[in-house]
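Asks: using only what follows, build the 3D model:
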Amino acid sequence: MGNNASHLGIQVDRPAAEWGGRLDGEGAEHLRWHQHVNSDRFAPSEEHSTSRPVALLGFASDAGVLRNQGRTGAASGPQALRAALSSLAIHQPRAVHDAGDIVVLGDELESGQVRLAQAVSGLLNAGTMPVVLGGGHETAYGSFSGLFDHFREHPDTRIGILNLDAHFDLRSAPRRSSGTPFKDIANDMQAAGRDFRYAVIGISEPNNTRVLFDQAHALGVRYLVDEQCGAGNLEAVIEFVREFLGSVDQLYLTIDLDVLPAATAPGVSAPAAYGVPLEVIHAVCRYVADSGKLGLVDVVELNPSFDIDARTARTAARLINTLIGV
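Replies: Numbers count the residues shown, from 1 in each chain. Okay, here's the model as predicted:
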């Protein structure tokens, strides 16, 4: 372990693997992800683009899901996401680099989150936008910690978290898990004297106890339940996002794939009986991508062991493709 992603100046546990996929030609008009990642051949010149380079970073972890009594398998999520991205077409060139993986061995979650935070902070310092490929939702604590470290010396920067998720993940527990990340973040923000700005789209009322709703209310969490997020309510959902974006300067978007209906995303730890339609989740991603405030993304809870025809991985890849704007 301890390989250096030299082109990005960060330490990772496992270097980027080779990308491969369908090949139709070598010109820009034939370009697919596997031809584009880690290559600057088709990157736009500085004078023609205001888009920051993107850095993909895997967080191969099952520890948080296991502690939260969920179905393990999310440690294989990063590679499944890369496979689903590989043959997607590139239409708008933007530099995309694969920085490799942070790997959590066994139950060593806390040290893995520290390494993830250091890598995310390093990528931000290098001028890239990190896209973290999880891993369970324990990924979020490491992702946010890296963003917070990056802005630690800028206390006036208002950092917001937008979580697309069926769950609040605000559990109070002696040890971190996939169910605790946002309570852990809230505790850290309180200790630092900073505001905790957290919004969730897609909360499933039957899958969150009254204790969790009370915790959300006590922390000032803004949220929409899944029944408020149907396609017919898309305008209201976008207005919710617009208002939240107006209260922050930098946004961390975290997508727990169990926000989607089980028919769309079967390959997760906790499939959703109801869920938020892909049309709505995709529209939120496009709106956020166009806001100019997106600083960090992670996509979590993909469990390839339970996926069907890579349905969940392909859906996640489409969302990442939209967020990056390629």
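Asks: my guess is residue 66 meets residue 72, correct?
Replies: Yes. Residue 66 is within contact range of residue 72, at 5.4 Å (criterion: C-beta atoms under 8 Å). Where C-beta positions appear, they are placed from N, C-alpha and C, glycine not excepted.
Asks: of the two, who's got more company?
Replies: Applying other C-beta atoms under 10 Å to residue 66 and residue 72 shows that residue 66 carries more neighbours, namely 21 against 16.
Asks: surely residue 244 is within a helix?
Replies: Yes. When classified by DSSP: H, G, I helix; E, B strand; the rest coil, residue 244 is found to be part of a helix.
Asks: please name the nearest non-neighbouring residue to residue 51.
Replies: residue 94 (4.9 Å; C-beta to C-beta, 6 or more residues apart in numbering).
Asks: confirm the one you found sits in a helix?
Replies: No. Per three-state DSSP, residue 94 lies outside any helix segment and is coil.
Asks: count the residues that sit near it.
Replies: 18.
Asks: could you do residue 33 as well?
Replies: Neighbours of residue 33 using other C-beta under 10 Å come to 22.
Asks: likewise residue 311?
Replies: Residue 311: 16 neighbours (other C-beta under 10 Å).
Asks: and it, what pLDDT?
Replies: Looking at residue 311, its pLDDT stands at 98.
Asks: can you pull the contacts of it?
Replies: By C-beta atoms under 8 Å, 6 or more residues apart in numbering, the contact set of residue 311 is 264-267.
Asks: list just the nearest of these to residue 109.
Replies: Of all the contacts of residue 311, residue 109 sits closest to residue 267, with 21.7 Å by C-beta to C-beta.
Asks: spit out the contact partners of residue 173.
Replies: Per C-beta under 8 Å, 6+ apart, neighbours of residue 173: 179-180.
Asks: which residues are contacting stretch 174-184?
Replies: 64-65, 67-68, 70, 109-110, 113, 136-141, 144, 161, 163, 167-173, 198, 215, 269, 301.
Asks: tell me how far the closest residue in space to residue 207 that isn't next to it in sequence lies from residue 73.
Replies: Nearest residue to residue 207, sequence neighbours excluded (C-beta to C-beta, 6+ apart): residue 166, at 5.9 Å. From residue 166 across to residue 73, the span is 18 Å (C-beta to C-beta, to the nearest Å).
Asks: so between those two, which is more surrounded?
Replies: Using other C-beta under 10 Å, the more surrounded residue of residue 166 and residue 73 is residue 166, with 30 against 21.
Asks: helix/strand/coil for that one?
Replies: Residue 166, by the three-state scheme (three-state DSSP), is coil.
Asks: start the count at 2, not 1, going forward
Replies: Sure, I'll start counting at 2 from here, so that last one is residue 167.
Asks: pull up the gap between it and residue 95, please.
Replies: On the measure of C-beta to C-beta, residue 167 and residue 95 end up 31 Å apart.
Asks: that older thread, would you report the backbone torsion angles of the residue nearest to residue 52?
Replies: phi -150, psi 130 (degrees, to the nearest 10).
Asks: repeat that for the one 3 residues further on.
Replies: The main-chain torsion angles of residue 98 are listed as degrees, to the nearest 10 and equal phi -120, psi 150.
Asks: wait, isn't it in contact with residue 38?
Replies: Yes. If you go by C-beta under 8 Å, residue 98 and residue 38 touch, sitting 6.9 Å apart.
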